[in-house]
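# Task: produce atomic coordinates for the following.
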Amino acid sequence: MTYLAAVFVGIVTALILDFGVLELAMLLALGLFARRSFARRSRLPIVWLRFVRRIAGRPAWAYGSILLLAILPRALYLAATGPPVPFVTDEFSYRLQADTLESGRLTNPTHPHWEFFETIHVIPKPTYQSQYLPGAALFLAAGKLAFGHHLYGVWLSAVLLFLALLWNLRQWFSPTWAWFATALATVRFGVGSYWVDSYWGGAVPALGGTLLLGSVAAAVTGRRVSWPQGLAFGAGAGLLLATRPWEGAALGVGCSAALCWALLRRRERLGRFLVGFAAPAVLLFLAAVIALGGYVAAVTGSPFSIPYQVNLELYGWPITLPWMNPVDHHPRQAQMRLYYQWEVSEHESVTTLSGFLLQTPYKLSVMWRFFFGPMLSVLLWAIFRNRRSLRWPWLFLLCAAPAFLAVAIEQSWYPHYLSPAFAALIGVWAIGLREMQRWRFPKARDRSGTNRAVFAGWFLALVLPAHLLLLGLSGMSRATGRSFQPGLNALTWCCINGGNLDRSKAEREILDQGRREGAPDGGRHVVFVSAPETYLNPSQWTYNRADIDASQIVWAADLGPEKNQELLRYFPQRKPWRAWTDFYGYILLPYGQPFPDLNPRLERLDAEHRGFRGSEESTGVPYPRR
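Sure thing, here's the model as predicted:
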């Protein structure tokens, strides 16, 4: 019964978040409209299909149209919403990494008072740097250096992803279905999704997986391999190594197995394969391994100890895989302790049967609403309605199967975890689009055959405008500060939240006060941040730039009056502040002034069960749960 309740909650959650209900309504209206059009023998959907084939059949038109789709709608969306503000802790960590690379350094020295700057997903020693590998941060840094903002790096990675996706799908499918699946993916994920409207990542590992999966198509389908495909394999493998090594390794195993299978079928081509494909792939991948090893050695002191391992030793996470056993840790900050306990509770979802059964429906709902949702689930129905389509191209999906398995055994299922297999998922769209053109309406006669693809034609004609309409509603909600639906969240294709706006407002308030006090640039400040000790607040504040001492505002954890004096003596020229942050906003006061009575806020937290909270263990650490 508990499991059925979890399934029900997962389904309902998937429908009410994003624009699930509106998508269902649009899909129903499309079916009724297409049925009526079928009865009237309308030729408009057939004309539209022919138009798509003309664009897709000419490579210059195909790639040029995808480039425009990746740039223009996103530019309009940004014009309405402005650049996103970081919200998730991972985003601040990636931006710290990018800030370091922009300065020409691989890492930063440990700060003398690093205890004040401990925060989630950042290692303070042996050097001060993000716990993540640098693939995504390289794009952020490139965007900042070239165009002045990290967001342009995210945008660049997305544009390259969709161009690579079209190249990939054209290796496996006809130009028509490859183009339309790519165009649909460009609109769905390239305008307002959290892959492009945040700094969390997704597009870079997806680019690596797309290059990797596309590079093996020629060998698997019996065509001649060449050195550009070998370079694509090496580049894709290198990007995956520097972003999502676990899922990337699984995808690499699948693609390598497909290559071995192809070679066993055509042994006479082994020499040409080794020279024309394997040599450039191996050389490029080895260059990526050496470069990454140099980065890791600079950050941790050893090329064999990645930053993840250092963070695990310091704070007890990440423990994302079943065989990673939790180690008892007691970070000095309450929010760090809460996050550690949240990681432990999440770990139970892959190490206990009850945890797996209860969490899987929710995790599947996250994946489903991001990659398909109600509107695109009709493509899955088209595939299973005509089971003949499942027999081809089976190797395309088998190459990505190990990546799906790798994600399935992880403790958290976020859509960017599955990004290395992104091209395979869009390939499912292409198969569904191809099969949809064979649909006929029940009990409807079509002697001429002209209306055979009427539903597919109308679907292709309306699904892109429907996505753009929903994204327009999302952009309006962001621009006006209102919500057209209840699902503003961080793991979405359309409705990402506004970011950590409280910290941005506090920054403006601090700098405005500095200008009023006579500092033209707003002055220099240090802010001691406090938060509830029994609730994990996902919107953390204690993140800083790479050069902490040169930052205009330094954000530090409040470690108590006596300990705080050490940092105050270190920054004698900075104006000190105190900040309290929780789910209901923040309180900002000059240092030394006491906070107002916080009991009403804490009682409200208790009453509304906001955040992650649990009973006190013998260690004194609150144990969070969903």
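# Show me the shaky parts of this structure.
Low-confidence segments of the chain, defined by pLDDT under 70: 1-3, 6-7, 34-45, 266-268, 387-394, 439-456, 458, 480-489, 498, 609-626.
# which helices and strands does the lengthiest strand in it pack with?
Using DSSP state E to define each element, the chain has its longest strand at strand 575-582. On a contact count with 3 or more CB pairs under 8 Å, 6 or more residues apart in numbering; DSSP states H and E, strand 575-582 meets helix 501-516, strand 525-530, strand 585-590. C-beta coordinates here come from the backbone N, C-alpha and C atoms, glycine included.
# which of the residues in whatever helix or strand residue 233 lives in are buried?
Assigned by DSSP states H and E, residue 233 belongs to helix 227-241. Of the residues in helix 227-241, 229-241 count as buried by neighbour count, 16 or more other CB atoms under 10 Å.
# try stretch 134-151
So, applying 16+ other CB under 10 Å, buried residues of stretch 134-151: 134-144, 150-151.
# what residues does stretch 356-376 touch?
Residues external to stretch 356-376 that are found in contact with it (CB atoms under 8 Å, 6 or more residues apart in numbering): 2-3, 6-7, 9-11, 13-15, 17-20, 23-24, 26-27, 184, 188, 193, 349-350, 377, 379-380, 412-415, 418, 425, 429, 463, 466-467, 491-493, 626.
# go with 6 Å
3, 6-7, 10, 13-14, 18, 20, 23-24, 27, 349, 413, 415, 425, 491, 493 (CB atoms under 6 Å, 6 or more residues apart in numbering).
# List buried residues within the residues you listed.
Taking 16+ other CB under 10 Å as the criterion, what is buried in these is 6-7, 10, 13-14, 18, 20, 23, 27, 349, 413, 415, 425, 491, 493.
# Among those residues, which ones are in strands?
Among these, no residue falls in strands (DSSP E).
# The biggest helix by length in the chain - contacts with which helices or strands?
Criterion DSSP state H: the longest helix present in the chain is helix 454-480. On a contact count with 3 or more CB pairs under 6 Å, 6 or more residues apart in numbering; DSSP states H and E, helix 454-480 meets helix 20-39, helix 44-57, helix 59-81, helix 175-190.
# Sort out which residues of that helix are buried, please.
Neighbour-count burial for helix 454-480 [16+ other CB under 10 Å]: 454-464, 466-468, 470-475, 477-478.
# That helix to helix 20-39, inter-axis angle?
Interaxial angle, helix 454-480 versus helix 20-39 (axes from the mean of the first three to the mean of the last three CA atoms, to 10 degrees): 150 degrees.
# any idea of the angle helix 454-480 forms with helix 44-57?
Going by the same axes, to 10 degrees, helix 454-480 is angled at 80 degrees with respect to helix 44-57.
# which ones are touching the residue lying closest to residue 120 once chain neighbours are set aside?
Excluding its sequence neighbours, the residue lying closest to residue 120 (CB to CB, 6 or more residues apart in numbering) is residue 89, at 4.3 Å. When contacts are counted by CB under 6 Å, 6+ apart, residue 89 touches 120, 121, 540.
# at 8 Å what do you get?
Applying CB under 8 Å, 6+ apart to residue 89 gives the contacts 119, 120, 121, 538, 540, 543.
# And residue 571, by the same measure?
By CB under 8 Å, 6+ apart, the contact list for residue 571 reads 524, 526, 554.
# The buried ones among the contacts of stretch 356-376 in helices, which ones?
Counting by DSSP H, those contribute 6, 7, 10, 13, 14, 20, 23, 27, 349, 425 to helices.
# Distance of the last one relative to residue 240?
Taken as CB to CB, to the nearest Å, the spacing of residue 425 relative to residue 240 amounts to 16 Å.
# Okay, domains of the chain per the record?
2-82+131-203+302-442+449-465, 501-608 (automatic domain parsing).
# Tabulate those domains (TSV), appending distance to residue 265.
Output for the domains of the chain, formatted as TSV (distance: least, CB to CB, whole Å):
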stretch	distance to residue 265
domain 2-82+131-203+302-442+449-465	11
domain 501-608	51
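# Quickly compare the helices and strands packed on helix 454-480 and say which is most buried.
helix 175-190 (a mean of 25; mean count of other CB atoms under 10 Å).
# and the angle for the following helix or strand past it with helix 175-190?
Tracing the chain past helix 175-190, the next element assigned as helix or strand by DSSP H and E is helix 203-215. Relative orientation of helix 203-215 versus helix 175-190 (the same axes, to 10 degrees): 170 degrees.
# Could you check how far stretch 126-134 is from the centre of its chain?
Put simply, stretch 126-134 sits 19 Å off its chain's centre (CA atoms, centre = their mean, to the nearest Å).
# neighbouring contacts of it?
With CB under 8 Å, 6+ apart, stretch 126-134 has contacts from 90, 93-94, 96-97, 100-101, 107-111, 114, 117, 121-123, 137, 241-243, 245, 292, 295-296, 298-301, 306-308, 310-311, 318, 546, 548.
# Go again with 6 Å.
In contact with stretch 126-134 (CB under 6 Å, 6+ apart) are residues 93, 96-97, 107-108, 110, 121-123, 242, 295, 299, 301, 307-308, 311.
# nearest to residue 70, of the residues you listed?
residue 242 (22.7 Å; CB to CB).
# Starting from residue 235, give me the distance back to residue 470.
34 Å.
# how far is stretch 177-185 from where the chain is centred?
On CA atoms, centre = their mean, the centre of stretch 177-185 falls 20 Å from that of its chain.
# same question but for stretch 562-573, I mixed them up
Centroid separation between stretch 562-573 and its chain, computed with CA atoms, centre = their mean, is 38 Å.
# ok, and the closest non-adjacent residue to residue 404?
With sequence-adjacent residues excluded and distances taken as CB to CB, 6+ apart, residue 404 is closest to residue 421, at 6.1 Å.
# Might you report the residue contacts of the one you found?
209, 400, 403.
# for the contacts of stretch 126-134, which one is nearest residue 283?
Using CB to CB, the contacts of stretch 126-134 come closest to residue 283 at residue 242, 16.7 Å.
# Tell me, how many residues neighbour that closest one?
By the criterion of other CB atoms under 10 Å, residue 242 has 24 neighbours.
# and it, backbone torsions?
phi -90, psi 0 (degrees, to the nearest 10).
# neighbouring contacts of stretch 21-28?
Contacts to stretch 21-28, defined as CB under 6 Å, 6+ apart, come from residues 373, 374, 375, 466.
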